[in-house]
Structures are given as structure tokens and as C-alpha cells.
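**Q** Predicted coordinates and the sequence they were generated for:
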Amino acid sequence: MSKIAFVTDTMHPGGSERVISVLANEMTRRGLYIEIICLRGKESFYTLERRVKTIFMEQVLKQQSMYNKVRFLRTYVKEENIDIVIPFMTPVFCFTLFSLLGAGKTIICSERIDPTKTSKVRKLLRAILLPTTSYLVVQTEQIKKYYSNSIQKRCSVIYNPVSDSFFEEKQIVPKNRFMSVGRLAPQKNQRMLIDAFSHVHQKYPDYSLSIFGDGPLKEELQSYIDSKGLQDVVRLEGTSSDISKELHSSFAFCLTSDFEGMSNAMIEALCSGIPLISTNVSGAAELLGNNEGGMIVPIRDTDAFASAMLKLIESPSLVERMRNYNLKKREEFRTSQIVDKWIEIINSFS
């Protein structure tokens, strides 16, 4: 049996970390040997199967230098006879590819964000190191087309798996609530969402907005909410252990990001069967079709976003049509189907 190790920065709350936890758990249930190696952090936010072995470099290494981490990963993979290494995110797969140069290991890299939006340094490192990977997994056709023909020949598009809880038909009466999930960081542009909702609030004061997530902009965003007098209807909810329940009890999901790979939160909202409003980030059109499962508006267009929110409130038939589309579309994101695709790639190197 092949020994497989995912490599990630941390297992803190986050999109790629959640995907790793779902993949690792399901692969373990199917009898595969799975490890998770974390460059930072000391514990996993996500519940993992008991048989999933986790390694946290912060607990293993006394000196947290890059040199020590490179040496540790190279030595560990060799001594533990890891056959297949799967690093997630550009900085991590660049680190992994460099650490394992010439080690003769199968490395399946996974890009989790729009590659056009990374820094010049990361683009350079990726251009130098990615050609050495055995295979590449990306989230959208748009992202796949970014890469050279030689890389596209060993590249597959695999959507993110969604936990079964999002497919459950919960007997919850939806609130008059718009909802968003994402790290409170500039990329997610929650300030635009707050501005758009302020227009909605003027016309429909019985609607509210809940923003789930944590991050460096928390205090700044709360001050902004207070300055607009929206503290009673716009709430920063922090992280939640049951996002599925929150989605099922919401009217619609909103994403105002400036860029994404393919948003986990947007996929989870789709699988919950509620309508979506998203900026035109990578993956939005693939998910929502021609405004069939939700509405797509230009990036950073606050007025267009507010108009879309109002249109949903005022068009019950549109909401129902989007719900029906999403309930059909969500079958593509069943964990079993996604893991089948990953295992097919893994087996091709076994």
C-alpha cells in the first residue's frame, strides 16, 4: 500500500485545510495510509480520523528556520518511505518541491487560488519549481489554462469535496439574513459587502447580514460597521463549528472577494441549496452558470452587488429557480465522487 502525505502550512480554520481534512478522512476510511505534515501550528481545528497521522514541525523542531524545515521534510519523507506527497497552496508546494529535489518521490501539487494574483516572487518560484512536479491539481478550467501546455498535459481539474452535512435537508425556517463566510482580510473585501447591504437595509430594514470568519481586519471592520450605524443588523460572527446549519437558515449567500481559486464557502452554499451572489472571481461562472444558481456581478462594483441583493428579495420565483439549479448541481461535489478522482490520480503513480 502506498504511503501518502499531505503537506500544508497549518490545519487552522481555512479553505485548503478543510479540504485536506475531508480528503484525508475519506481516504483513510477507504483503507489508504494517510499522513498530514504541517509546517506551522500545533493542532488541527478539524476533526481527523484516529488513523490519520499528523506531524507538526513546531513540535518536532527546536529551531524553526527554513533550512531546518527543508532538511526535516526531506529526511522524514525518505526515512518513513512516503511514496506520494501532496502539498497544497503555492508557497507550500514550492517549499516541498525544493525540499524533495532529486529525492525520487511522486509529488502531486494542488493550486488553491488564482495564480495570476500571487506576488512576483511567488510567480518566479512557481515558474522555476512547478515543472518538476509529477502532477498538478487545480480547481477550475480557467486556472488550468493559465499554465503552459506541458503542465496542462499532467494537470486535472478537481472541485473541492463538501461534507455530507451540507447535503442534508434540514428542517430550518430560513431567516431574512444574507450570509458570508471568509477570512477577514483584504482579499475578501467584506467592506464592499457592508456598503452594499447598507443600501438594502434602507429599503428592507428587517433583513440582516452575518459575516462568519476571523482575521486581521476584524477590529477595523467592526469599527466600520459601527460608523455606519449598522451594528444591530450586521454582525461579525467569528468562526462556526456548524456552517451547514448557518447556511440552511439563511436567505442567500454573498461573496465579494477580489479574487479566489474556487471558494469553498461558495460551494458549500450551493450544496445547501440557497441562492448566491458573487463577484466575478475564478470559478464563479463554472459554479453558477449563466446566473442560474446565483448572480455574478463585476468585482468591486458595490452598486451592482446591492442591486443583486435587492433583486433576490423582490423575486421569489428567481430564488426558487436558483435553489432548484443548485440542488441539482451539488451532486458534482459529493465527497465520494471527488475522492474517486483523487485516488485515480494517486493510483496512476502506484
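**A** Right, received. Where do you want to start? Numbering: from 1, shown residues only.

**Q** The residue of the chain most remote from its centre: what's its closest spatial neighbour, skipping adjacent residues?
**A** What lies farthest from the middle of the chain is Lys203; by Cα atoms, centre = their mean that is 33.0 Å. Using Cβ to Cβ, 6 or more residues apart in numbering and skipping residues adjacent in sequence, the residue nearest Lys203 is Leu310, 6.7 Å away. Any C-beta I mention is one placed from the backbone N, CA and C, and that applies to glycine too.

**Q** Determine the set of other helices and strands touching the helix or strand containing that neighbour.
**A** Counting by DSSP states H and E, the element that carries Leu310 is helix 302-314. Packed against helix 302-314 by the contact rule (3 or more Cβ pairs under 8 Å, 6 or more residues apart in numbering; DSSP states H and E) you find helix 190-203, strand 252-255, strand 276-279, strand 294-297, helix 316-329.

**Q** Where does the prediction get shaky in the protein?
**A** Applying pLDDT under 70 to the chain flags the ranges 170-171.

**Q** Show the residue spans covered by the strands in it.
**A** Under the criterion DSSP state E, the chain contains strands at 3-8, 33-38, 53-56, 84-87, 106-110, 135-138, 155-157, 177-181, 208-212, 234-238, 252-255, 276-279, 294-297.

**Q** Which positions within the shortest one qualify as buried?
**A** If you call a residue buried by 16 or more other Cβ atoms under 10 Å, then strand 155-157 has these buried ones: Cys155.

**Q** Walk me through which strands it pairs with, and which way each runs.
**A** Using DSSP bridges, the strands paired with strand 155-157 are strand 135-138 (parallel).

**Q** Would you reformat the strands of the chain as JSON lines and include distance to Leu221?
**A** Converted to JSON lines, the strands of the chain look like this (distance: least, Cβ to Cβ, whole Å):
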{"stretch": "strand 3-8", "distance to Leu221": "27"}
{"stretch": "strand 33-38", "distance to Leu221": "28"}
{"stretch": "strand 53-56", "distance to Leu221": "31"}
{"stretch": "strand 84-87", "distance to Leu221": "32"}
{"stretch": "strand 106-110", "distance to Leu221": "30"}
{"stretch": "strand 135-138", "distance to Leu221": "31"}
{"stretch": "strand 155-157", "distance to Leu221": "33"}
{"stretch": "strand 177-181", "distance to Leu221": "11"}
{"stretch": "strand 208-212", "distance to Leu221": "8"}
{"stretch": "strand 234-238", "distance to Leu221": "6"}
{"stretch": "strand 252-255", "distance to Leu221": "14"}
{"stretch": "strand 276-279", "distance to Leu221": "17"}
{"stretch": "strand 294-297", "distance to Leu221": "21"}
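
**Q** Could you name the stretch from those strands that's closest to Arg126?
**A** When those are compared by Cβ to Cβ, strand 106-110 sits nearest Arg126, at 9.3 Å.

**Q** Now do the closest one and strand 3-8, the angle between them.
**A** Strand 106-110 runs at 40 degrees relative to strand 3-8, counting by axes from the mean of the first three to the mean of the last three Cα atoms, to 10 degrees.

**Q** In contact with the nearest residue to Glu332 once chain neighbours are set aside, which residues are there?
**A** Spatially, and ignoring its direct neighbours in sequence, Glu332 is nearest to Tyr159 (6.3 Å; Cβ to Cβ, 6+ apart). By Cβ atoms under 8 Å, 6 or more residues apart in numbering, Tyr159 lies in contact with 139, 262, 267, 332-333, 338.

**Q** swap in Glu58?
**A** Glu58 makes contact with 38, 40-42, 64, according to Cβ under 8 Å, 6+ apart.

**Q** if we go to 7 Å?
**A** Shown in contact with Glu58 (Cβ atoms under 7 Å, 6 or more residues apart in numbering): 40-42, 64.

**Q** Buried ones only from the residues you listed, please, as a PyMOL command.
**A** PyMOL command restricting the contacts of Glu58 to the buried ones, with burial defined by 16+ other Cβ under 10 Å:
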select buried, resi 41
